[in-house]
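Trainee: Provided below for reference: sequence and predicted model.
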Amino acid sequence: MSKRQLCRAGAALLMAVAFALVFYAFTTPLGPSIGSDNAIYMTMGTALARGYAPYTEIFDHKGPLLFVLQTIPQLVSGGYSTLALFVQQVLFLFACLLLAGGVARELHAPAWLVQILYLALIGSMTGGGNLTEEYTNVFTFAGLLAVLRVFGQGLPRDAKGLFARAGVLGAMAMLCFLTRANNALVLCAMTLTLAICLLVRRRFAQLARCAGGFAAGMAAAALPVAAWLASYGALGASVYGSILHNLMYAQTDGVGRVQMLLHSGYGHAAILMAALSCAGALALFRRSPALALSMVAGAAAAGLAAFVSHKYYDHYLILGAPLAAMGAAAVLGRLSPKSRRVRTVPAAVLAVCLLWLGVKGAQTNAWRLSECEGLDAFTQDAQALYAQVPEDERDAFMAYRVEPKWYVAAEALPCMRFYFLQEVLADADPAVMDEIVETFENDPPKWLVIYYNRAFGPPYDERVAEIFDTRYEFVDARGEYQLKRLREAL
């Protein structure tokens, strides 16, 4: 590696660490606030690291690769480690920035500026960090770089080298899919558009090489994960969890899409990223019409990914950030070296990005500190309740409808696979609640912690509430939680 490359890598690593310390509020060494989805994933990763089976013994409606990514840091650390997760997040963000720099250089744009622009785009969307979208963007950037190197100068005129590069694109699309199904929409839309362009121009040899390589890359990425799932007998359960239940969850009630698009900051951010992607497509149209069309398709797919659900969490928008950064790089790369704009435009972009990162960084830090207030007391309450569960009976313990961070605070693991927001999951698929009720009736946990004194939406299922009232006896209460014990266990 040359000195110049080392300097680039060092700068990217410094940017990744600085950004992560502030914006990854759930895992930052400055004082993690734990959060909700992050706590769910930490519990999942710790359970898998201690021998649980994915989907069948610990469930989430995400892709199997997320299970793997959450297991690795907990396996290395022994479980429930925010620091190990933080290191993994920094490495992924570092890889994103290196790939963003590669995209920028392909388009003759300043790599450092595109990297900072990417950080500014995701700065208000990280949601505390450790979410599927931030991991997926590494694969999306790698896919974009592969597309640029094949189609950056137009449709390829020969088939040489296409198989391998299409294989990279296929593998990246599959890794996106395996993290969460809808996260693959950007690369899949671009791939389909490029394939149509090859077909229309009758580049059949190139199309065959690309299709073969893409399929081979997808298979190469999918087979190890499928083998891992099969070793646990969880292949069928993973299809239900990562695809079928995920689709059901996306269709649960929420705010209308048009209202969110036109009348919310969420919609405006989606429009901004689509506009950057389309501006880049316009800048590249003469150089490579096929690439430009694929970027427009990718921007539409990123919008679909952000609006396919009625939930509208800000971190869904992160999926469009790599293509938006690529679009900005294409525009910046079009600046003439002889024009004054070659200095003034980058300077203006840099100033806006740094100002935005500063404002959002201060807001994120203030939010983290407010979330951390009371966390010590919360942790003490959780640990005091869990300490009353005998160690030889902790494999028959369940925390039901609690804030997910309760598991992290107590360092406890559930004995049922639907371990978080059970009624929310059942709202998407009523069969979830039927399974929960059956388990409580036939193989109930001996110990139970529940969140009480609060009106839920959706409310407790009546069958479950009756079981809690009739088959369990109150033991203790701390904060807003109470510990119960199965009467038969007395």
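Mentor: Looks like it came in fine. Numbers count the residues shown, from 1 in each chain.
Trainee: Residue 205 contacts residue 159, correct?
Mentor: Yes: counting by CB atoms under 8 Å, residue 159 is a contact partner of residue 205 at 4.7 Å. The C-beta positions use only the backbone N, C-alpha and C, and glycine is treated the same way.
Trainee: what's the overlap in contacts for these two?
Mentor: Common neighbours of residue 205 and residue 159 (criterion: CB atoms under 8 Å, 6 or more residues apart in numbering): none identified.
Trainee: Can you name the residues in contact with stretch 70-81?
Mentor: Stretch 70-81 has contacts (CB under 8 Å, 6+ apart) with 41-42, 44-46, 48-50, 83-85, 87-88, 408, 411.
Trainee: Let me see the contact set for the residue positioned nearest the centre of the chain.
Mentor: By CA atoms, centre = their mean, the chain has its centre lying nearest to residue 132, at 1.2 Å. Going by CB under 8 Å, 6+ apart, residue 132 touches 62-63, 66, 179-180, 183.
Trainee: Throw those residues into TSV and include distance to residue 348, neighbour count and pLDDT, thanks.
Mentor: Listed next are those as TSV, based on distance: CB to CB, whole Å; neighbours: other CB atoms under 10 Å; pLDDT from 0 to 100:
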residue	distance to residue 348	neighbour count	pLDDT
62	39	25	95
63	39	27	96
66	38	24	97
179	35	27	97
180	35	25	94
183	32	28	94
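Trainee: Between those, which sits nearest residue 261?
Mentor: residue 183 (20.1 Å; CB to CB).
Trainee: returning to what we had before: look up how far residue 140 lies from the residue nearest to the centre of the chain.
Mentor: Distance, residue 132 to residue 140, by CB to CB, to the nearest Å: 12 Å.
Trainee: where does the closest residue to residue 168 other than its chain neighbours fall, helix, sheet strand or coil?
Mentor: Spatial nearest neighbour of residue 168, excluding adjacent residues (CB to CB, 6 or more residues apart in numbering): residue 146 at 4.4 Å. Using DSSP: H, G, I helix; E, B strand; the rest coil, the secondary structure recorded for residue 146 is helix.
Trainee: Residue 146 against residue 170, yeah?
Mentor: No: using CB under 8 Å, residue 146 and residue 170 do not qualify as a contacting pair, with a distance of 9.3 Å.
Trainee: More neighbours: which of the two?
Mentor: Using other CB atoms under 10 Å, the more surrounded residue of residue 146 and residue 170 is residue 170, with 27 against 22.
Trainee: any idea how far residue 69 is from that one?
Mentor: Counting by CB to CB, the separation of residue 170 from residue 69 is 20 Å.
Trainee: Ok, residue 211 next?
Mentor: Using CB to CB, residue 211 is found at 29 Å from residue 69.
Trainee: Can you tell me, leaving aside adjacent residues, what's nearest to residue 164?
Mentor: The shortest distance from residue 164 to any non-neighbouring residue, by CB to CB, 6+ apart, is to residue 213 (6.4 Å).
Trainee: Which positions within the helix or strand harbouring the one you found qualify as buried?
Mentor: Per DSSP states H and E, residue 213 falls inside helix 204-231. For helix 204-231, a neighbour-count test (16 or more other CB atoms under 10 Å) marks 206-207, 209-211, 213-214, 216-218, 221-222, 225, 228-229 as buried.
Trainee: what about that helix, average pLDDT?
Mentor: Averaged over helix 204-231, pLDDT sits at 96.
Trainee: And the strands in the protein?
Mentor: Secondary structure of the chain, counting by DSSP state E: strands at 397-400, 447-451, 472-478, 481-486.
Trainee: Check which helices and strands the last one sits against.
Mentor: In terms of contact count using 3 or more CB pairs under 8 Å, 6 or more residues apart in numbering; DSSP states H and E, strand 481-486 is assigned the packing partners helix 375-386, strand 447-451, strand 472-478.
Trainee: so how far is the second one off the chain centroid?
Mentor: Computed by CA atoms, centre = their mean, to the nearest Å, the separation of strand 447-451 from the middle of its chain amounts to 29 Å.
Trainee: State the paired neighbours of that strand in the sheet, together with their directions.
Mentor: Taking DSSP bridges as the criterion, strand 447-451 forms sheet pairs with strand 397-400 (parallel), strand 481-486 (antiparallel).
Trainee: what sits up against the first one?
Mentor: With CB under 8 Å, 6+ apart as the test, strand 397-400 has contacts from 386, 389, 406-407, 410, 412-416, 419, 422, 445-450, 464, 468.
Trainee: Swap in 6 Å and give it another go.
Mentor: If you take CB atoms under 6 Å, 6 or more residues apart in numbering as the criterion, strand 397-400 is touched by 389, 406, 414-416, 445, 447-450.
Trainee: what does stretch 150-167 give?
Mentor: Identification of contacts with stretch 150-167 by CB under 6 Å, 6+ apart yields 106, 146, 201, 203, 205-206, 209-210, 213-214, 216-217, 288, 290-291.
Trainee: Tell me which other helices or strands the worst-scoring helix or strand of the chain on mean pLDDT touches.
Mentor: Taking mean pLDDT, DSSP states H and E as the measure, the chain has helix 257-263 as its least confident helix or strand, at a mean of 81. Secondary-structure packing of helix 257-263 (3 or more CB pairs under 6 Å, 6 or more residues apart in numbering; DSSP states H and E): helix 265-284.
Trainee: which helices and strands sit right next to the helix it packs on?
Mentor: In terms of contacts (3+ CB pairs under 6 Å, 6+ apart), helix 265-284 is packed against helix 257-263, helix 289-307, helix 321-333.
Trainee: any chance of the ones you listed in JSON lines, plus mean neighbour count?
Mentor: Formatted as JSON lines, those follow (neighbours: other CB atoms under 10 Å):
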{"stretch": "helix 257-263", "mean neighbour count": "13"}
{"stretch": "helix 289-307", "mean neighbour count": "23"}
{"stretch": "helix 321-333", "mean neighbour count": "28"}
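Trainee: Quick one: closest of those to residue 435.
Mentor: Nearest of the helices and strands packed on helix 265-284 (CB to CB): helix 289-307, 29.3 Å.
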